[in-house]
Structure formats: C-alpha cells, structure tokens
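In: sequence and computational prediction follow.
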Amino acid sequence: MRSIALAFLLLFPSSLSAQASDSIESKLGFRLTSPGPEWTLLDEDSVHEIQPRAVAGLVLEESLYNVVVVENLPADSLKKLARYWADNSGLENATVNLFEEFRFNDLSAIRWMVSGSSGEVEWSQHFVIFVYQKSLFRLVSWAESDAVEADGSSFLPFMNAFSLEEVDHSAESKSTPTLEASGIGWLVSDGIWKSPAFGIELRPSATWRVMYGDELRGMDLNVAAGMVDDDSKAKLTLKFDRLDREVRGQFATDLFKQAARAGRERREAILFELFGEEIELRVYDPSSGGDGASIGTRVLVGFEPFEEHCVTVQVEYPVARETSALENLRDAFAAMRTLERQERLEIDARARSEFEEVNQVGDGYSLRGGVYRDFRFGLSWKRPSLEWDIETGERAIERMQDAALYFSNPYWGISGTVVPVPVQTIQTESWHAKVQDELFPDSSFRGIGDVQSIQLGEVVAELSLIRPIMKLAPTEYRLITAVNDSWAFKIHLWGSPNSLSLASEEVDAALRGLAITSTPMPAKNASSGAMYDDRLGFQLLSPGEDWELSDDGKDAFWPAGDLAEWVRGEDECVGVIAICGLTDEEDTNLLGSLVRNGFPASFSEWLRKEPEVREMYFCGQSVRELSWNRLGRSATCWTISREQTLYIVYATDEDGEFDSERVCDLFSLLP
C-alpha cells in the first residue's frame with residue numbers, strides 16, 4: 001500500500017483557496033470550525049488539490065496540513081487497520097512515536113504519530129481513525145518535523161476543530177460486523193465461521209455456537225470446524241480430507257470400521273441434509289455399554305464427498321440428553337452451507353488482510369514475522385505464503401513426538417514436521433534408510449525415483465519420495481534427512497498424491513523455506529557498541545565508549561528469560577530483562593517475583609523502597625514507569641509487554657542523564 005501521507009507531500013500546492021466562512025458543515029455529519037485567523041479552511045472542492053479523496057481540510061499558514069477522509073471501508077478490526085497503517089507509513093526510517101486507543105467525540109477511536117524522512121526532509125504525521133454512521137473517518141495531519149512539537153500538541157487544534165452531529169451509540173455498536181478471531185484459511189465474524197480454504201460457512205442459530213481456537217483443538221487436532229449446543233451439550237465436528245475419487249469408497253469403509261472399534265454400532269442410522277446432499281450418520285453406543293446404553297457418550301459418524309474434499313462429520317452427545325440433542329441437531333445441519341466462488345474469493349482476501357502474525361518466543365526458539373528460528377538446533381523455516389500455518393513448542397510435540405516444528409496448508413491438505421535428534425545417537429551413513437524404515441514399520445511402501453541430494457542452507461540433505469501402501473487416506477511423503485555438527489533432522493512433508501501434484505509450487509516453496517546451519521545459531525550477538533537478542537527480539541545500544549557489557553550471572557534467573565546490561569563504574573547501568581511465556585496474571589505480579597529472585601546487583605538495591613508509579617509513553621507504547629530517588633541518585637524502570645514477552649528496561653545514574661527519551665534512543669524492539 002502506498003503511503004497516503006507521502007501522496008499528500010507530492011501534491012502540496014503553492015497556494016490554496018480559502019473557504020469564506022469560519023466553519024464547514026458536511027452532509028456526512030461533521031463540522032469543521034476554524035481555530036483562528038491564521039488557519040485556512042478548505043471545502044471539498046479546495047481540498048481535492050492536496051488529497052483527491054478528502055472531503056474537508058484545515059491548513060496553518062501552509063506549514064501544517066490537515067484533512068478529513070471518509071471512506072466506505074470495512075472496519076471490522078479498527079486496531080488491526082490502525083496498526084497496519086502505522087507500520088506502513090511509507091516514510092524512510094519511520095518511527096511510531098504514539099499509538100493509543102481513546103474516546104474522540106464520544107466514540108471509540110485510535111490515534112498514532114509517525115516520524116521519518118522523505119528525501120532530505122524530516123516529516124511528522126498524526127492520524128485519528130474511527131467509525132461513524134457506517135463509514136470509516138480518518139483525520140490526517142502532516143508537517144515538517146521542525147514545524148511541530150514533538151509531543152504532538154501541534155495537532156490538537158485540528159482535532160478540537162472537528163465535531164460530529166449527535167452520536168447514536170446503538171448504531172455504533174451495530175454498524176460493522178465484529179471480527180472475533182481469524183487464522184490461516186478461516187475467520188469468525190459475529191459468531192459466523194467462514195472458511196475460504198474449505199468453501200463452507202457455519203451460521204449457527206438457536207442454542208448452537210461455533211467452536212474455534214483451543215476449544216476446537218481440544219476435540220481433535222485434525223478437526224477443521226465445529227459447533228457446540230449449549231442446551232444438550234452435543235458437539236459436531238467436521239474433518240476435511242483431500243482424496244482421489246478412486247479411493248473415497250475404501251476410505252469410507254475403513255472410517256466406519258475404525259468407529260466400530262471404539263463403540264458398538266447400532267442397526268439404525270439417521271439421515272440429514274448436508275450441503276444439499278443426503279448424509280447418513282451411523283450411530284455408535286458407548287464401548288462400555290450394550291445396545292441402547294443409557295450412560296456415557298453416544299457418537300454419530302457420517303461421510304460425504306464434497307467438491308475436492310471428503311467431509312467426515314462426527315457428533316457426540318451425552319446419552320442422557322439424546323432427545324434434545326437429536327432435536328437440536330437439525331438446526332446444526334441447517335447452519336452449514338457452501339460458499340459461492342466469488343464469495344469464497346472475497347472472504348479469502350479479507351481473511352488474509354485481517355490475518356495478524358502471532359509472534360512467539362520460547363525456550364531456544366522464536367517465531368517472528370512468519371520466520372521460525374530455532375537457535376538450539378541451527379534450524380529455520382520461512383512461511384512461503386499465508387496459506388501455511390505454523391505450530392511450535394508444545395503444540396508441535398502434540399502433532400508428532402519430539403517435533404520442533406509443525407507446518408500445514410489447509411487449502412491443499414498438506415502438512416510437515418521437523419524432528420531433531422542428537423547426532424551422537426545415530427549412524428550418519430545409514431540415517432536416511434533408517435528413518436524411512438521407522439516411518440513405516442508396519443506397512444510396505446514404494447519409493448518414487450531415486451534418493452536426491454538437496455541443499456538446505458549450509459548442509460546437504462537427502463530427499464526421497466515415498467508412497468506407502470495403506471488403506472486409510474492414501475498419502476504421499478517427501479522424506480528429508482539432514483545432519484549438522486550437533487543434530488540430525490527427520491523432516492516429513494505429506495499429503496494426498498493429487499494435492500502434492502497440483503500444489504507442487506507451494507510444496508517446493510515450503511522446502512526452499514527450510515535452512516539448517518552447520519552449527520547452532522547464536523541467539524545473542526554482542527559488539528563494542530550494541531547487544532542484539534534475535535530470539536527475544538530487542539537491541540540495546542551502548543550509551544558511550546566508556547561503558548562495558550556486563551554479565552553478572554543472572555541470565556538464567558527466570559525460565560526462558562534473558563538479560564542485557566551496560567555498566568559504567570559501580571553505580572551506573574542501563575539494562576533490559578526480557579521474560580517470555582507470561583500470562584497477564586503473571587505480568588501483574590512480576591515485580592514482586594523479581595525482587596524475590598534477584599535483579600542484577602547494579603539495580604536490586606533500589607527495589608527495597610516503594611517506587612513512584614505513573615503511566616506514560618515510552619518507545620511509542622503506553623507503559624508503567626517506576627522510579628526511585630535517593631541521595632541525589634535516581635533509578636527508573638519501564639515495563640513493556642509484547643507477544644507474551646515482558647521487557648523491563650531499567651537505568652540508574654546520578655545526573656538525570658537517562659530519562660525516558662534518552663533510554664528510548666538506546667533500546668528498541670526488533671520487528
């Protein structure tokens with residue numbers, strides 16, 4: 001997206017025609033009033049000279065420019081939209097100096113400030129966005145940086161000059177659908193689950209609601225969608241498998257045999273309509289009871305081909321609530337419909353634009369900006385596109401024992417895992433053949449072609465294509481093995497033969513995204529002037545030439561945490577403690593825990609006294625500042641939270657050199 005602000009800069013006129021009156025009343029429901037004689041009001045015709053999409057403007061002596069832009073854009077997630085624009089200003093060396101939610105004209109709004117350069121000129125930008133009468137309003141201001149105050153006060157007259165007609169708050173709450181959650185290939189908006197990956201929608205009514213996130217994952221790792229009936233406690237889940245047509249019948253036979261092993265099948269089945277076709281749900285009693293058991297959970301299983309997929313439907317409900325469960329189940333099937341092609345494309349575009357990278361930091365690894373790095377193993381993988389989902393840590397291990405990484409593409413039904421093994425436990429000469437035998441211990445398979453050599457970063461790996469002879473869900477594998485100085489890697493990528501063939505470009509991109517270094521990657525890099533922590537995502541610059549990087553043995557005082565500290569003499573220090581994997585409750589009680597566990601020696605003496613506490617902006621974020629003063633010396637720390645990682649930035653000095661602005665020059669979060 002090209003920066004709107006930069007487009008403004010290219011369109012500055014040499015002179016502007018002023019609005020004759022001292023205010024503008026717009027048919028869009030707002031008024032813009034001139035703050036004084038030095039300000040020039042611009043109506044819709046005049047403001048088009050500097051921004052074709054603006055509807056009004058206000059200029060201070062042709063040095064501070066302000067415009068109102070009203071657009072009919074979907075604003076399901078105002079904060080995501082604001083963050084995207086803030087991070088993509090188009091300015092060089094851009095810095096977001098302010099980002100906050102606030103009330104503006106009695107409406108929920110977000111504002112932010114950005115500074116940066118365009119050519120040789122330094123610019124400051126200020127934005128306010130909100131939704132009013134189903135439209136997205138943007139109040140945009142810009143000026144050369146030396147013409148405005150750094151604290152943003154120069155932009156306040158424009159905000160005060162803008163006012164709305166009487167606000168209908170009931171309309172505000174209903175004006176746009178609420179985006180509740182989204183992921184790779186799906187989103188939930190106003191309680192409706194939509195999936196461009198599978199081409200279906202769940203629009204529950206009555207007592208049903210959609211399941212997603214951890215609630216859905218708790219049902220089955222391979223479930224794609226689900227609903228729960230809060231009345232009868234019935235749960236309905238959907239699995240999608242991409243199967244070649246010639247094997248679908250055998251797959252269904254094996255599926256029902258598998259269900260029968262878990263519970264006794266009853267003679268009668270139940271018919272429903274799914275996606276315009278009749279589907280038969282077979283009924284299975286609890287394995288602990290006989291036919292017609294009155295306790296436990298009854299299971300219904302059905303199978304139906306659907307476009308390029310086959311759908312497995314499973315319903316579970318307490319036997320004691322069978323009457324209400326079966327009555328309500330009709331509503332659940334009525335809630336499911338297919339998406340038309342154009343609708344599917346529109347939802348896919350929206351899901352991708354709304355997708356927000358969930359960055360993670362764990363013990364020895366990080367996932368940031370779609371790139372997974374495991375510093376322990378020297379392993380990295382880059383997401384090829386927004387068709388791929390990534391799971392790390394415990395979630396990867398749930399998928400496959402000892403896995404460091406699991407990645408999947410729901411659009412094509414393709415998955416992959418990476419499992420590292422200590423190199424001293426294997427025989428490197430026969431490693432590939434041994435892994436192949438381990439993968440299919442109870443089934444025969446045939447290789448497709450010869451074993452190939454491929455380059456994965458700094459190491460050469462072996463790749464073979466394998467098609468096991470199995471009855472349930474015929475699958476083709478890409479098996480890769482690689483070895484570096486300390487670790488051996490088992491890498492599996494699998495899907496239906498048809499999927500792997502049709503999605504060959506995505507498969508190749510997924511393999512190209514893998515890289516292995518010959519030795520483990522350093523998570524931290526220190527130089528004479530800076531300390532970088534690529535895992536925890538921060539850098540801390542040295543305050544000067546006479547400062548030294550300290551290591552007082554506290555690096556491991558908190559699980560998965562880290563410490564960086566610059567010191568000068570015995571009394572001055574600037575440092576960062578970063579702690580990952582925290583919950584909000586742990587964040588709240590963290591300072592007391594740190595006191596008990598021990599701060600770095602250079603700072604811990606200050607924690608015996610109660611600090612002064614205030615809320616403030618620090619490095620572009622709203623944070624808590626804690627400060628102590630004693631005998632002319634001061635100590636201050638600021639707490640910043642990002643992606644379940646808490647950063648505690650601290651400084652001590654005697655002459656007040658290290659205020660928040662100075663420390664912000666030294667500390668920054670990596671993208």
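Out: Structure received. Numbering: from 1, shown residues only.
In: going forward, measure contacts and count neighbours with C-alpha atoms only.
Out: Fine.
In: can you pull the contacts of Phe355?
Out: Phe355 makes contact with 182-184 under the criterion C-alpha atoms under 8 Å, 6 or more residues apart in numbering.
In: strands of the stretch 301-450 of the chain, start to end?
Out: Using DSSP state E, counting those that start in this stretch, the strands of the stretch 301-450 of the chain run over 309-318, 336-338, 360-362, 365-368, 371-374, 379-382, 389-392, 405-409, 414-422, 445-456.
In: got those strands as TSV, with mean neighbour count and mean pLDDT columns?
Out: Below are the strands of the stretch 301-450 of the chain laid out as TSV (neighbours: other C-alpha atoms under 10 Å; pLDDT from 0 to 100):
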stretch	mean neighbour count	mean pLDDT
strand 309-318	20	89
strand 336-338	18	91
strand 360-362	22	82
strand 365-368	23	89
strand 371-374	22	94
strand 379-382	23	95
strand 389-392	20	92
strand 405-409	23	95
strand 414-422	20	95
strand 445-456	13	79
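In: will you turn the ones you listed into JSON lines that also has distance to Ser486?
Out: Shown next, in JSON lines, are these (distance: least, C-alpha to C-alpha, whole Å):
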{"stretch": "strand 309-318", "distance to Ser486": "42"}
{"stretch": "strand 336-338", "distance to Ser486": "50"}
{"stretch": "strand 360-362", "distance to Ser486": "20"}
{"stretch": "strand 365-368", "distance to Ser486": "16"}
{"stretch": "strand 371-374", "distance to Ser486": "13"}
{"stretch": "strand 379-382", "distance to Ser486": "12"}
{"stretch": "strand 389-392", "distance to Ser486": "21"}
{"stretch": "strand 405-409", "distance to Ser486": "18"}
{"stretch": "strand 414-422", "distance to Ser486": "6"}
{"stretch": "strand 445-456", "distance to Ser486": "16"}
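In: tell me which of the ones you listed sits nearest to Phe162.
Out: Nearest to Phe162, of all the strands of the stretch 301-450 of the chain, is strand 365-368, at 39.3 Å by C-alpha to C-alpha.
In: the closest one packs against which elements?
Out: strand 360-362, strand 371-374 (3 or more C-alpha pairs under 8 Å, 6 or more residues apart in numbering; DSSP states H and E).
In: again, only using 10 Å
Out: For strand 365-368, the packing partners by 3 or more C-alpha pairs under 10 Å, 6 or more residues apart in numbering; DSSP states H and E come out as strand 360-362, strand 371-374, strand 379-382, strand 389-392.
In: can you tell me which of these comes nearest to Met211?
Out: Going by C-alpha to C-alpha, the one of these nearest Met211 is strand 389-392, 18.4 Å.
In: and the contacts of the closest one?
Out: With C-alpha atoms under 10 Å, 6 or more residues apart in numbering as the contact definition, strand 389-392 has outside contacts at 183-185, 358, 360-362, 365-367, 370-372, 374, 381-383, 396-399, 403-410, 415-417.
In: kindly report the same for stretch 664-671.
Out: Here stretch 664-671 has contacts from 359, 368-369, 530-543, 574-576, 618-620, 640, 642, 647, 649, 658, using C-alpha under 10 Å, 6+ apart.
In: swap in 6 Å and give it another go.
Out: For stretch 664-671, contacts defined as C-alpha atoms under 6 Å, 6 or more residues apart in numbering pick out 537-541, 619.
In: out of the strands of the stretch 301-450 of the chain, flag the one nearest Pro52.
Out: In terms of C-alpha to C-alpha, the element of those nearest to Pro52 is strand 365-368, at 37.1 Å.
In: how far does the closest one sit from its chain's centre?
Out: 12 Å (C-alpha atoms, centre = their mean, to the nearest Å).
In: and the residue nearest to Ser124 when sequence neighbours are not counted, what's its pLDDT?
Out: Counting by C-alpha to C-alpha, 6 or more residues apart in numbering, Ser124 lies nearest to Ser115, which is 4.5 Å off, once chain neighbours are set aside. Per-residue pLDDT puts Ser115 at 92.
In: helices or strands up against the helix or strand harbouring Ser115?
Out: Here Ser115, judged by DSSP states H and E, is contained in strand 107-118. In this structure, strand 107-118 packs against strand 92-104, strand 121-132, with contacts taken as 3 or more C-alpha pairs under 6 Å, 6 or more residues apart in numbering; DSSP states H and E.
In: in a markdown table, list these along with mean pLDDT and mean neighbour count.
Out: Output for those, formatted as a markdown table (pLDDT from 0 to 100; neighbours: other C-alpha atoms under 10 Å):
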| stretch | mean pLDDT | mean neighbour count |
| --- | --- | --- |
| strand 92-104 | 87 | 16 |
| strand 121-132 | 91 | 22 |
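In: which one of these lies nearest to Lys434?
Out: strand 92-104 (51.4 Å).
In: that closest one: how far from the chain's middle?
Out: Chain-centre distance of strand 92-104: 20 Å, with C-alpha atoms, centre = their mean.
In: partners of that strand in the sheet?
Out: Using DSSP bridges, strand 92-104 pairs in its sheet with strand 107-118 (antiparallel).
In: what segments of the stretch 1-150 of the chain are strands?
Out: Here the stretch 1-150 of the chain has its strands, by DSSP E, counting those that start in this stretch, at 23-25, 30-33, 39-42, 54-60, 64-71, 92-104, 107-118, 121-132, 135-144.
In: can you give me how far the first one is from the chain middle?
Out: Between the mean C-alpha point of strand 23-25 and the mean C-alpha point of its chain there is a distance of 42 Å (C-alpha atoms, centre = their mean).
In: does anything pack onto that strand? Which helices or strands?
Out: If you count contacts as 3+ C-alpha pairs under 6 Å, 6+ apart, strand 23-25 packs onto strand 30-33.
In: from Thr428, how far off is the nearest residue to Gly457 once chain neighbours are set aside?
Out: Distances taken as C-alpha to C-alpha, 6+ apart place Ala515 nearest to Gly457, at 4.2 Å, with adjacent residues excluded. The gap separating Ala515 from Thr428 is 19 Å, by C-alpha to C-alpha, to the nearest Å.
In: higher neighbour count, the two?
Out: Taking neighbours as other C-alpha atoms under 10 Å, Ala515 and Thr428 compare with Ala515 leading, 18 against 14.
In: that one: what secondary structure?
Out: strand (DSSP: H, G, I helix; E, B strand; the rest coil).
In: got the contact list for it?
Out: When contacts are counted by C-alpha under 6 Å, 6+ apart, Ala515 touches 379-380, 456-457.
In: quick one: which of those is nearest Asp190?
Out: Asp190 has its nearest neighbour among the contacts of Ala515 in Ser380, at 36.9 Å by C-alpha to C-alpha.
In: find the nearest non-adjacent residue to the closest one, please.
Out: Leaving aside its sequence neighbours, Ser380 sits nearest to Arg373 (C-alpha to C-alpha, 6+ apart; 4.4 Å).
In: that neighbour contacts Arg383, correct?
Out: No: between Arg373 and Arg383 there is no contact under C-alpha atoms under 6 Å: 11.5 Å.
In: for the helices and strands packed on strand 107-118, give me a markdown table that also has distance to Ser504.
Out: Shown next, in a markdown table, are the helices and strands packed on strand 107-118 (distance: least, C-alpha to C-alpha, whole Å):
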| stretch | distance to Ser504 |
| --- | --- |
| strand 92-104 | 38 |
| strand 121-132 | 42 |
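In: can I get the contacts of Phe355 in JSON lines with distance to His48 and secondary structure?
Out: Shown next, in JSON lines, are the contacts of Phe355 (distance: C-alpha to C-alpha, whole Å; DSSP: H, G, I helix; E, B strand; the rest coil):
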{"residue": "Ser182", "distance to His48": "37", "secondary structure": "strand"}
{"residue": "Gly183", "distance to His48": "39", "secondary structure": "strand"}
{"residue": "Ile184", "distance to His48": "39", "secondary structure": "coil"}
